[in-house]
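Undergrad: Can you look at this prediction? I've put the sequence above it.
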There are 4 protein chains.
Amino acid sequence: MAHYRPHLKTAKDARAVRTREALRNAMLLLLTQQSLDKITILDICQTAGVGYTTFFRHHPSKESLLDDVAADEIAHLIGLTVPIAVAQDVRAAGVALFNYVDEHRKLWSALLTGGAQVAMRNEFLRLSREIAATRAHVNDWPPADISTILVVSSTVELLSWWLQQKKPLPIEEVAAIYERIIIYPHVRGDRIPPERTPRRPRS
Amino acid sequence: MAHYRPHLKTAKDARAVRTREALRNAMLLLLTQQSLDKITILDICQTAGVGYTTFFRHHPSKESLLDDVAADEIAHLIGLTVPIAVAQDVRAAGVALFNYVDEHRKLWSALLTGGAQVAMRNEFLRLSREIAATRAHVNDWPPADISTILVVSSTVELLSWWLQQKKPLPIEEVAAIYERIIIYPHVRGDRIPPERTPRRPRS
Amino acid sequence: MAHYRPHLKTAKDARAVRTREALRNAMLLLLTQQSLDKITILDICQTAGVGYTTFFRHHPSKESLLDDVAADEIAHLIGLTVPIAVAQDVRAAGVALFNYVDEHRKLWSALLTGGAQVAMRNEFLRLSREIAATRAHVNDWPPADISTILVVSSTVELLSWWLQQKKPLPIEEVAAIYERIIIYPHVRGDRIPPERTPRRPRS
Amino acid sequence: MAHYRPHLKTAKDARAVRTREALRNAMLLLLTQQSLDKITILDICQTAGVGYTTFFRHHPSKESLLDDVAADEIAHLIGLTVPIAVAQDVRAAGVALFNYVDEHRKLWSALLTGGAQVAMRNEFLRLSREIAATRAHVNDWPPADISTILVVSSTVELLSWWLQQKKPLPIEEVAAIYERIIIYPHVRGDRIPPERTPRRPRS
DNA sequence: CTCTAATCGAGACGGTACGTCGCGTCTTACG
DNA sequence: CGTAAGACGCGACGTACCGTCTCGATTAGAG
């Protein structure tokens, strides 16, 4: 967690805990209403019923607070899907992913459609890279880093799009998109060197 | 009026043209040095040798100037690739795309790696949607809009990544990624309904 | 007259004359609506139906235009009253003064109650000093200059006040104030002891 | 809120008090050097060693600061003279007035000859009207309001003139002008026949 | 159960950038 | 080819928000 801890011994002070909670809720509430960079620290404090200075006792910036809110969630999400994906069941991983987001739809709507999408993408990417670094690369093509980038950014885009739909696609369908469009092209076997790739797939 | 918009009939006033050009160049120069939101309107004006107020006679905001710079370029890029892609030659379209960007590497580095990536993605998306709206959808799955979003955002991510590499991949290779990872999953014929998709491609 | 003459040969150009007239009228109109320093040159030009640049062909500043409007009027006013006052008939001078202003009430209201009062006071003072300089001082006490200042500023204040009254005092009465309160203390020549003056002129 | 008004309860905050004092002093210093409307808010802040924004936390405008500076002084001045004048000793009131101004010559020079004369006249008039409203009118002629206006504006003119003289008149003399020319015509109570007043004090 | 020290709220402060307005100059296009 | 339109540089304004700081009130733990 990236937040600033004013005094180590007060980290579990009841008041401090309450303040932190209020700040997180305020951030989430405001994210449902306006874009991250339209939200001012003063807004957050007033929404949270917390003094302006107090904010800085806990976070050096808005982004830090957002990370505080988001990091846990993202870590959870990743922890939910990666193991399944590793076990080669991409379809099940996708379903788990969208199920989880659906169950916390309000939270994720705030995080992904409320103007924090870019920050979320970056945090997501950061965590994903950490995980990717610990694992052997099953494929050397495409290069690992661009794969991570494309998977993460596309996943975020898909989630964001899905959450914004008035009549969202059934989980089955969006998970299929996730699997077929986003993940599948990357995990496909290494049998097709680009230069031998047929120009038109179906020919 | 919020800002003074030069009259249409003076749009070809030599001074105004010169000023606009200076602003565009200044923006591009500054984008190579720092992120968009670190760039100050005053910075732009001083770089361009233009009065602060004059900026607002041409643009209501930095973003507007960036759009002005970017829209032409993006339109050009799209105009370069779409026709080829329509002609079913995705590989050639990719090569044309990366060739063009490579030939204007400095400009595109500024636009994509200088902190304006998000704005570029949005402008790109806007233009792409306009084009998509004019064309019949060859596939109804995945839904057209998410396809557009994923293609555009992934393309921007790939370009951005490619431009940032110290030793960039050869155009052939990056075009292959573009074709195989980004485009191909969307244009693939209806021969592989999701439910029949083998869970493990190589099995 | 203090205005800037762009081209000597155009001084009597019909168009130039028309423009000057339009500017003067616009100034007077605007003075009835707002204070002098709220009036912008652009306001004047638009009201006059004259190009912005054109203003500066005739006047270097708003104040110059105001002087142009006012100087003649003030000179006229002074020319009307001074001779009578010199002839020792202060009462008649006052009546003449207020009669003239009353006959041009609209103009003078603009000049004195429309926010140009200070400028008018200064212009009035300037002209009065010129006249005072040409005349022998009948009294050496109080010092001539402060007498001029007090008479001019008080006269302007009285006129301004009178013009702003919803139910203005009859000319007879205001002329009495002018005579008894403003002029008399300065020209006092012992012949009219103030205590014999009826407190209310008509009594 | 247009500008931030420090809360009443913080009115005695040491920092705020220090800032206000610095602003007042800066205003007075600058008034000795240039006209009020040549003085920039930035000038004031830099002279006071105060942040630009901070100015607006205390005053909505330069004029407001000037009033702040002036109101106390004017109130003091009025408080000094009115009681004596009420006690019918106009001469003593005048002497007290000019004595006080003389003792704070630097301050009053700034206020009256530094380009703030009009603002001072208005503030003076405002306060005088408040006082006049509380008192019975000894005379019904001339009308009370024009009397107040003439006395105030003439007093301000006289003070301003006096302070600008290279060789100022002795207090005795200027107080005589004040009494004979400005006050006497209004309070005329028959007891001090003007013709007995020495035309030149020393004669 | 008080007294002292920490911690909180409130917000004053210096600062940077913004977008606006008006001025007076200077260039340009048009009749 | 002169004149009216208006683009321009400039400087001041007033606002918003930032992050730091000072202050007074509240509270908690030590005596």
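TA: Now that the structure is in, tell me what you want to look at.

Undergrad: Excluding residues flanking it in the chain, which one is nearest A:Y100?
TA: In space, A:Y100 comes closest to A:L80 once its chain neighbours are excluded; the distance is 5.6 Å by Cβ to Cβ, 6 or more residues apart in numbering or on different chains. Yep, even glycine has a C-beta here, placed from its N, CA and C like the rest.

Undergrad: Would the helix or strand harbouring that neighbour count as contacting DNA strand E?
TA: A:L80 belongs to helix A:62-86 when assigned by DSSP states H and E. No - using Cβ under 7 Å from any atom of the strand, helix A:62-86 stays clear of DNA strand E, with a minimum separation of 14.6 Å.

Undergrad: Enumerate the positions of that helix that are buried.
TA: For helix A:62-86, the neighbour count (16 or more other Cβ atoms under 10 Å in any protein chain shown) marks A:62-71, A:73-74, A:77-78, A:81, A:84-85 as buried.

Undergrad: overlap between those residues and the residues near DNA strand F?
TA: A:K62.

Undergrad: what's near enough to touch the residue nearest to A:A75 when sequence neighbours are not counted?
TA: Counting by Cβ to Cβ, 6+ apart, A:A75 lies nearest to A:L127, which is 6.2 Å off, once chain neighbours are set aside. Under the criterion of Cβ atoms under 8 Å, 6 or more residues apart in numbering or on different chains, the contact list for A:L127 reads A:A71, A:I74, A:A75, A:I78.

Undergrad: ok, now which ones touch the closest residue to A:E123 other than its chain neighbours?
TA: What sits nearest to A:E123 in space, not counting adjacent residues and going by Cβ to Cβ, 6+ apart, is A:A70, at 5.4 Å. A:A70 sits next to A:L111, A:A116, A:A119, A:M120, A:E123 when contact means Cβ under 8 Å, 6+ apart.

Undergrad: for A:A96, same thing?
TA: By Cβ under 8 Å, 6+ apart, the neighbours of A:A96 are A:L80, A:T81, A:I84.

Undergrad: May I see the buried residues of the helix or strand where it lies?
TA: Here A:A96 sits within helix A:90-103, counting by DSSP H and E. Neighbour-count burial for helix A:90-103 flags A:V90, A:R91, A:A92, A:A93, A:G94, A:V95, A:A96, A:L97, A:F98, A:V101 (criterion: 16+ other Cβ under 10 Å).

Undergrad: Nearest to chain D, out of those residues: which one, please.
TA: Of all those, chain D sits closest to A:V101, with 42.1 Å by Cβ to the nearest Cβ.

Undergrad: Spatially nearest residue to the closest one (excluding sequence neighbours)?
TA: Counting by Cβ to Cβ, 6+ apart, the residue nearest A:V101 is A:W108, at 4.9 Å.

Undergrad: and the gap between A:T134 and C:T40?
TA: A:T134 is 68 Å from C:T40, where distance means Cβ to Cβ, to the nearest Å.

Undergrad: Between these two, tell me which one has more neighbours.
TA: Comparing A:T134 with C:T40 by other Cβ atoms under 10 Å in any protein chain shown, the one with more neighbours is C:T40, at 12 against 6.

Undergrad: Contacts only, for the more buried one.
TA: Contacts for C:T40 (Cβ under 8 Å, 6+ apart) come out as none.
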